[in-house]
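Asks: Below are the sequence and a predicted model for it; my questions follow.
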Amino acid sequence: MSSRMLYSSLYVIMVLVSCRYVEIKAQQLQVGFYMQSCRMAEFIVWTEVQNAFKTDKGVAAGLVRMHFHDCFVRGCDASVLIDSTSANSAEKDSPANSPSLRGFEVIDRAKTMVEASCGGVVSCADILAFAARDSILMTGGPGYDVPAGRRDGRISKALEASVGLPPPNSNVSQLTQMFASKGLTQEEMVTLSGAHTIGRSHCTSFSNRLYSYNTTTMQDPSLDMAYATQLKQQCPQGSTDVNLVVQMNPSSPNTTDVGYYSDVLANRGLHTSDQTLLTNATTANQVNQNAANPQLWKNKFTAAMVKMGQIGVLTGTAGEIRANCRVIN
Ligand code: HEM
Ligand SMILES: *[C@@H]1O[C@H](CO)[C@@H](O)[C@H](O)[C@H]1NC(C)=O
Ligand SMILES: *[C@@H]1O[C@H](CO)[C@@H](O)[C@H](O)[C@H]1NC(C)=O
Ligand SMILES: *[C@@H]1O[C@H](CO)[C@@H](O)[C@H](O)[C@H]1NC(C)=O
Ligand SMILES: *[C@@H]1O[C@H](CO)[C@@H](O)[C@H](O)[C@H]1NC(C)=O
């Protein structure tokens with residue numbers, strides 16, 4: 001090969017590599033994505049979340065969980081917001097989301113206000129990511145910039161939510177595996193579980209720990225006795241009321257702090273998936289560190305939220321900007 005041929009082929013390779021690089025760059029989300037196209041977008045979302053939060057602090061927890069459930073199923077593409085039709089049972093109607101997921105009306109109102117200000121520009125997936133960030137901040141948690149530019153998906157299937165979301169009776173190896181399948185590390189799993197410092201849970205999500213742990217033992221021995229007694233009062237055996245709920249991190253259920261980790265250390269993790277973090281030496285150590293060092297947890301948590309918010313995103317010309325978050329265009 002002549003040196004001229006060598007150089008020209010090297011040149012071609014470099015051009016190809018740089019095009020590939022540009023392409024990858026274009027696919028990435030960006031902080032301030034709507035700065036030119038819809039300058040007020042993030043402010044409008046904040047305002048709507050705040051209005052809802054004033055009347056019901058629980059919406060904050062609802063929105064944080066909704067973002068997680070969106071991202072884990074088909075990526076953060078607002079598939080969780082789509083309503084079922086006669087022909088399709090959507091994610092939100094999976095038992096993993098129904099009747100527990102809440103905050104849909106807040107996203108609807110934010111979308112309406114954003115559309116009125118700049119139509120057809122801001123995705124439902126980004127609105128949800130902003131709303132989750134705002135919710136964490138409103139409950140006293142750390143703030144962070146949300147890279148944006150997500151686009152909305154056109155598919156939502158209940159079955160995918162049922163298999164894609166971790167059930168509350170998962171053990172630490174199952175959780176680790178499930179998060180790994182979304183590109184998240186075991187430590188990020190422990191860090192993100194700290195979101196259970198706010199919100200509520202339905203009795204049905206943990207009553208097996210109180211009444212039917214296994215064939216020989218009724219009550220989960222890893223659950224603190226006094227806490228179990230309290231939970232049994234709140235969740236009577238054989239109750240048919242599927243709407244019964246208890247607060248998570250009862251000492252400060254509306255505050256994003258490291259209370260979750262203190263609960264777990266005190267054997268007061270509500271779900272099996274919470275208490276199981278003490279059964280592995282590595283994750284138990286992280287629980288200890290987070291409980292002792294709120295700033296460390298906050299830093300890890302904001303980074304992990306940003307990373308979770310990038311799972312499987314649609315960008316560029318993929319997907320669509322939904323006009324109504326509940327319906328594909
Ligand atoms: C590690 C695996 C996880 C499992 C097994 C799990 C499971 C659950 C369950 C069973 C509930 C109670 C739902 C109900 O019955 O009302 C819940 C609530 C909640 N989860 Fe998770 N979760 C996990 C991870 C996460 C992550 C990563 C986040 C967010 C970053 C999160 C945020 C929340 C929030 C904020 C609530 C309260 C929701 C409300 O008050 O409406 N969870 N979770
Ligand atoms: C937390 O918020 C819920 C939902 O609004 C409310 O019912 C509860 O009283 C609040 N708890 C505390 C301790 O502020
Ligand atoms: C976790 O659960 C799976 C499935 O039930 C089981 O195979 C595995 O042994 C469990 N792992 C631990 C560490 O308990
Ligand atoms: C039920 O759980 C208890 C406490 O962990 C354990 O000692 C017992 O072996 C379990 N029984 C069965 C049948 O798995
Ligand atoms: C705990 O998790 C680590 C991964 O961080 C894994 O290598 C180890 O085998 C787990 N230990 C147990 C006892 O499951």
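Replies: In hand now; what should we look at? Ligands and ions are numbered 1, 2, ... in the order given.
Asks: rest of the way, CA atoms for contacts and neighbours
Replies: Will do.
Asks: Can you give me the distance of the residue of the stretch 101-250 of the chain found nearest ligand 1 to Met66?
Replies: Across the stretch 101-250 of the chain, no residue is closer to ligand 1 than Gly199, which sits at 3.2 Å (Cα to the nearest ligand atom). For Gly199, the distance to Met66 under the criterion Cα to Cα, to the nearest Å works out to 12 Å.
Asks: again, but for Ala116
Replies: With distances defined as Cα to Cα, the gap from Ala116 to Met66 amounts to 24 Å.
Asks: same thing with Arg209?
Replies: Going from Arg209 to Met66 by Cα to Cα gives 25 Å.
Asks: Comparing those two, which residue is more hemmed in?
Replies: Counting neighbours by other Cα atoms under 10 Å for Arg209 and for Met66 shows that Met66 has the greater number, 24 against 21.
Asks: Tell me how far the more buried one lies from ligand 2.
Replies: Per Cα to the nearest ligand atom, to the nearest Å, Met66 is found 16 Å from ligand 2.
Asks: other SSEs contacting the host helix or strand of that residue?
Replies: Assessed by DSSP states H and E, Met66 sits inside helix 58-71. For helix 58-71, the packing partners by 3 or more Cα pairs under 8 Å, 6 or more residues apart in numbering; DSSP states H and E come out as helix 41-55, helix 124-138.
Asks: Of all these, which one is nearest Gly316?
Replies: Across these, Gly316 has its closest neighbour in helix 124-138 (13.6 Å, Cα to Cα).
Asks: got the angle between that closest one and helix 41-55?
Replies: Direction vectors for helix 124-138 and helix 41-55, defined by axes from the mean of the first three to the mean of the last three Cα atoms, to 10 degrees, enclose an angle of 50 degrees.
Asks: so how far does stretch 243-258 reach from one end to the other?
Replies: Between where stretch 243-258 begins and where it ends, there is a gap of 27 Å, by Cα to Cα.
Asks: Run the chain-centre distance for it.
Replies: Its chain's C-alpha centre lies 17 Å from the corresponding centre of stretch 243-258 when counted by Cα atoms, centre = their mean, to the nearest Å.
Asks: Do that stretch and ligand 1 come into contact?
Replies: No - contact between stretch 243-258 and ligand 1, assessed by Cα under 6 Å from any ligand atom, is absent, since the two come no nearer than 6.9 Å.
Asks: so does that stretch get close to ligand 2?
Replies: Yes - for stretch 243-258, a contact with ligand 2 is found by Cα under 6 Å from any ligand atom, at Ser252, Pro253, Asn254.
Asks: My read is that the first one contacts Val258, right?
Replies: No - Ser252 is beyond contact range of Val258, at 9.9 Å (criterion: Cα atoms under 8 Å).
Asks: Name the residues contacting each of these two.
Replies: Common contact partners of Ser252 and Val258 (Cα atoms under 8 Å, 6 or more residues apart in numbering): Thr197.
Asks: So if I had to pick from the two, which one is more boxed in?
Replies: The neighbour count for Ser252 versus Val258, taken as other Cα under 10 Å, is higher for Val258 (24 against 16).
Asks: Buried deepest among the helices and strands packed on helix 58-71, which one?
Replies: Counting by mean count of other Cα atoms under 10 Å, helix 124-138 has the highest mean neighbour count of those, with a mean of 26.
Asks: Residue numbers of this protein in contact with ligand 2?
Replies: Proximity of the chain to ligand 2 is confined to Asp56, Lys57, Gly58, Ser252, Pro253, Asn254 under the rule Cα under 6 Å from any ligand atom.
Asks: Next, give me the two most distant ones among these.
Replies: Greatest spatial distance among these (Cα to Cα): Asp56 and Ser252, at 15.2 Å.
Asks: Tell me who's in contact with the residue of the stretch 101-250 of the chain closest to ligand 1.
Replies: Residues counted as contacts of Gly199 (Cα under 8 Å, 6+ apart) are Gly58, Ala60, Ala61, Gly62, Gln247, Met248, Pro253, Asn254.
Asks: In these, which residue is surrounded by the most others?
Replies: Sorting the contacts of Gly199 by how many neighbours each has (other Cα under 10 Å) puts Ala60 first, at 31 neighbours.
Asks: show me what contacts the spatially most central residue of the chain?
Replies: Most central in the chain under Cα atoms, centre = their mean is Phe68, positioned 1.5 Å from the mean C-alpha point. Residues in contact with Phe68, defined by Cα under 8 Å, 6+ apart, are Met308, Gly309.
Asks: could you redo the last one with a cut-off of 10 Å?
Replies: For Phe68, the set of contacting residues under the criterion of Cα atoms under 10 Å, 6 or more residues apart in numbering consists of Gly75, Cys76, Val80, Leu128, Ala129, Ala132, Leu165, Leu192, Met305, Met308, Gly309, Ile311.
Asks: Any chance of JSON lines for the residues you listed, columns distance to Ala281 and secondary structure?
Replies: Conversion of the contacts of Phe68 to JSON lines gives the following (distance: Cα to Cα, whole Å; DSSP: H, G, I helix; E, B strand; the rest coil):
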{"residue": "Gly75", "distance to Ala281": "31", "secondary structure": "coil"}
{"residue": "Cys76", "distance to Ala281": "32", "secondary structure": "coil"}
{"residue": "Val80", "distance to Ala281": "35", "secondary structure": "helix"}
{"residue": "Leu128", "distance to Ala281": "35", "secondary structure": "helix"}
{"residue": "Ala129", "distance to Ala281": "33", "secondary structure": "helix"}
{"residue": "Ala132", "distance to Ala281": "31", "secondary structure": "helix"}
{"residue": "Leu165", "distance to Ala281": "24", "secondary structure": "coil"}
{"residue": "Leu192", "distance to Ala281": "18", "secondary structure": "helix"}
{"residue": "Met305", "distance to Ala281": "24", "secondary structure": "helix"}
{"residue": "Met308", "distance to Ala281": "24", "secondary structure": "helix"}
{"residue": "Gly309", "distance to Ala281": "28", "secondary structure": "coil"}
{"residue": "Ile311", "distance to Ala281": "28", "secondary structure": "coil"}
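Asks: Many thanks, we can stop here.
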